[in-house]
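Trainee: give me a model of this one.
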Amino acid sequence: MAINVVIAGPRGKMGSEAVKMVENETNFRLVACIDHKNNGRTLDTIFPDVERSIPIYDDATKCFENHKDADVLIELSVPQAGYKHTKSALEHHVRPVVGTTGFTEVQLKELDEFAQRNNMGCMIIPNFALGAVLMMKFAKMAATYFPDVDIIEKHHDQKLDAPSGTAIKTAELISENRKAKTQGHPKEEETIPGARGADLDGIKLHSVRLPGLVAHQEVIFGSPGQTLTIKHDSMDRSSFMDGVKLCVNKVMEVKGLIYGLDTIL
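Mentor: Residues are numbered from 1 along each chain as shown. Next up is the predicted model:
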């Protein structure tokens, strides 16, 4: 039986890839889209390759009320709208698969409680690339032996949040195998504030935003006489679609909030 999908953010670079992926999957069926600019239009008027007249809504609640057959929301819009769309999906018994980042701890807790209460799955995935998940797992392993570490994440200049969800998730995983510590010289001073990056349990996170980039991350460990660099690069957003596909299928089976693709691999 086909999984009925709603996509939020279909005009974005990730969203447009998701539209192609869902339309090409025989067991997925795209039933509607959420887009703040094209209310009342149909997707075929925006994407000539889409042959069906899939309705577009600017209001998530109205979308879910009109499509009670929807099973999964693929949320790929922007941080300001992502939480609202995700919560509305859960309220209408639609399971969210969320690539939008920037949720607070309070919001994550609330979504988890809501999903548990309704016996539904909700997945928030900072990075859908399988290679990025392996990079995070390797970094967690290395942290047992290399406690001094910096994370450099590089993304396109249209990304709204910094540091990236992937960088934060990586730092959280590293912290599970590393005691919090202050790195660098004890008398270190930033002559320009922010020069040493953001700080999470003493791990320094640096964000680069430039045109031409897609999604890239380096985790650099240092110890006397050696360094270890674990790196992942996504050159094209098609690299994320295998992860999206996996999550759409998996969210139908799980209960509560799942955070990070690493937890289901």
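
Trainee: make it CA atoms for all contacts and neighbour counts henceforth
Mentor: Fine.

Trainee: pop the domain breakdown of this protein in here.
Mentor: 3-127+238-263, 130-235 (automatic domain parsing).

Trainee: comparing these, which comes out most buried?
Mentor: domain 3-127+238-263 (a mean of 19; mean count of other C-alpha atoms under 10 Å).

Trainee: and the end-to-end length of that one?
Mentor: By C-alpha to C-alpha, to the nearest Å, the extent of domain 3-127+238-263 from end to end equals 22 Å.

Trainee: what sits against Gly12?
Mentor: Leu76, Ser77 (C-alpha atoms under 8 Å, 6 or more residues apart in numbering).

Trainee: again but with Ile258, I slipped
Mentor: Gly121, Cys122, Met123, Ile124.

Trainee: now do the same for the nearest residue to Lys140 once chain neighbours are set aside: its pLDDT.
Mentor: In this structure, Lys140 finds its nearest non-sequential neighbour in Ile174, 4.5 Å apart by C-alpha to C-alpha, 6 or more residues apart in numbering. Listed pLDDT for Ile174 reads 97.

Trainee: and the one 10 residues further on, by the same measure?
Mentor: If you check Gly184, the pLDDT there is 89.

Trainee: ditto for the one 3 residues further on
Mentor: Here the pLDDT value assigned to Lys187 is 91.

Trainee: check the offset of stretch 46-66 from the chain's centre.
Mentor: Taking C-alpha atoms, centre = their mean, to the nearest Å, the mean C-alpha location of stretch 46-66 is offset from the chain mean by 22 Å.

Trainee: show the end-to-end separation of it, please.
Mentor: Using C-alpha to C-alpha, the span of stretch 46-66 from its first residue to its last is 21 Å.

Trainee: and that stretch, what's its mean pLDDT?
Mentor: Across stretch 46-66, pLDDT averages out at 92.

Trainee: stretch 74-81 now?
Mentor: Averaging pLDDT along stretch 74-81 gives 90.

Trainee: repeat that for stretch 250-265.
Mentor: Mean pLDDT, stretch 250-265: 91.

Trainee: and if you look at stretch 106-124?
Mentor: Here the average pLDDT along stretch 106-124 is 93.

Trainee: how far out from the middle of the chain is it?
Mentor: With C-alpha atoms, centre = their mean, you get 16 Å for stretch 106-124.

Trainee: hmm, who's touching it?
Mentor: 83, 87, 90, 93, 95-101, 247, 251-260.

Trainee: restricted to helices, list the residues you listed.
Mentor: Tyr83, Lys87, Leu90, Cys247 (DSSP state H).
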